[in-house]
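Colleague: only the shape, not the letters, is given here:
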């Protein structure tokens, strides 16, 4: 794959994640009052909670730490991708990670916190952006492992 195609795919995936993330957050926020929950399936609830921390509320209230951590991670990811754009599937990891991170950045800039709305037993509330970030990390591990195995 060419560098241009890889950047294009990463950009399209990033945009799709941000749009879907923002749409689902808006639907949840409009449909559920903050602090309420609505069971939709056994073990799965729609909730409306605010997260001003990083992952699962870590560093809650520490806006400077959150901004610095997210900024450093995003710059590092962009540098990695700029150097490795033609690696197979690197565009996937980059698009998922950037899309998830930027979906949350939009919330932080607009609202000061991220709106979380999915809840499963024994796990903090999460959103599509968190799923994208998790899948992005897993796919990045795969990309790095594949490169190491060559």
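Modeller: Nice, I can see it. Here the structure is a predicted model, which is why all the values come from computation and not from measurement.

Colleague: so, low pLDDT: which residues of this protein?
Modeller: 53-64, 66, 147, 149-150 (pLDDT under 70).

Colleague: in contact with residue 6, which residues?
Modeller: 81, 85, 86, 90, 91 (Cβ atoms under 8 Å, 6 or more residues apart in numbering). From N, CA and C alone the C-beta is placed, and that goes for glycine too.

Colleague: do that again at 6 Å, thanks
Modeller: Each residue near residue 6 by Cβ atoms under 6 Å, 6 or more residues apart in numbering is listed here: 85, 91.

Colleague: phi, psi for it please.
Modeller: Dihedral pair for residue 6: phi -60, psi -50, per degrees, to the nearest 10.

Colleague: and it, how far is that from residue 92?
Modeller: Per Cβ to Cβ, to the nearest Å, residue 6 is found 10 Å from residue 92.

Colleague: so what's the residue nearest the centre of the chain up against?
Modeller: The chain has residue 100 as the residue nearest its centroid, 2.2 Å off, counting by Cα atoms, centre = their mean. By Cβ under 6 Å, 6+ apart, the contact list for residue 100 reads 17, 129, 132, 133.

Colleague: now with 8 Å?
Modeller: Applying Cβ under 8 Å, 6+ apart, the residues near residue 100 are 17, 21, 128, 129, 130, 131, 132, 133, 136.

Colleague: the closest residue to residue 18 other than its chain neighbours: neighbouring residues, count only.
Modeller: Spatial nearest neighbour of residue 18, chain neighbours left out: residue 103 (4.8 Å); criterion: Cβ to Cβ, 6 or more residues apart in numbering. Residues near residue 103, counting by other Cβ atoms under 10 Å, number 25.

Colleague: now residue 103: how far from residue 52?
Modeller: 16 Å.

Colleague: returning to that earlier point: any idea how far the residue nearest to residue 18 lies from residue 114?
Modeller: Taking Cβ to Cβ, one finds residue 103 at 8 Å from residue 114.

Colleague: what of residue 20?
Modeller: 15 Å.

Colleague: higher neighbour count, those two?
Modeller: For residue 20 versus residue 114, neighbours defined as other Cβ under 10 Å are more numerous around residue 114 (26 against 15).

Colleague: and the helices in the chain?
Modeller: 3-31, 63-84, 90-111, 128-148 (DSSP state H).
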